[in-house]
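**Student:** starting from these lines, generate the structure:
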Amino acid sequence: MAETAVLLRVSRPTIYRWAASGYLPSIQYGQPRAEGETRRGGAIRIPRSAVDALLALEDEVA
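**Tutor:** Presented below is the predicted three-dimensional model:
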């Protein structure tokens, strides 16, 4: 998530919001947390192809 934030020049919370909303495709690994736990479990990975697609979109707009 941190590397993706640097590449896209946005904050880490923005990357988490984009992943949760589906705007940025992501893959979650690991087991979910127990019921009632407020934090999510596992790791979230962003495919490089998704980052490249957003960068290409940014280049088209600019």
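**Student:** ramachandran coordinates for residue 45?
**Tutor:** phi -120, psi 140 (degrees, to the nearest 10).
**Student:** neighbours around the nearest residue to it once chain neighbours are set aside, how many?
**Tutor:** Nearest-residue entry for residue 45: residue 27, 4.8 Å, with adjacent residues in sequence omitted and distances by C-beta to C-beta, 6 or more residues apart in numbering. (Glycine included, C-beta is placed from N, CA and C.) Residue 27 has 12 neighbours, counted by other C-beta atoms under 10 Å.
**Student:** does residue 27 really touch residue 44, like I thought?
**Tutor:** Yes. Counting by C-beta atoms under 8 Å, residue 27 does reach residue 44; the two are 7.2 Å apart.
**Student:** need the contact list for the residue nearest to residue 45.
**Tutor:** 44, 45, 46, 47 (C-beta atoms under 8 Å, 6 or more residues apart in numbering).
**Student:** once you drop chain neighbours, what's closest to the third one?
**Tutor:** Distances taken as C-beta to C-beta, 6+ apart put residue 4 closest to residue 46, at 4.6 Å, once the chain neighbours are dropped.
**Student:** and the last one, by the same measure?
**Tutor:** Taking C-beta to C-beta, 6+ apart as the measure, residue 47 lies nearest to residue 25, with 6.2 Å between them; neighbours along the chain are not counted.
**Student:** now the phi/psi pair for the one you found, please.
**Tutor:** The phi/psi pair for residue 25 (degrees, to the nearest 10) is phi -60, psi 140.
**Student:** wait, it touches residue 50, no?
**Tutor:** Yes. In terms of C-beta under 8 Å, residue 25 counts as a neighbour of residue 50; the distance is 4.5 Å.
**Student:** the more surrounded of the two?
**Tutor:** It is residue 50, of residue 25 and residue 50, that has more neighbours when counted by other C-beta under 10 Å, with 18 against 14.
**Student:** buried sites along the longest helix anywhere in the chain?
**Tutor:** The helix that spans the most residues within the chain, counting by DSSP state H, is helix 48-61. Judged by neighbour count (16 or more other C-beta atoms under 10 Å), helix 48-61 contains these buried residues: 50, 51, 54.
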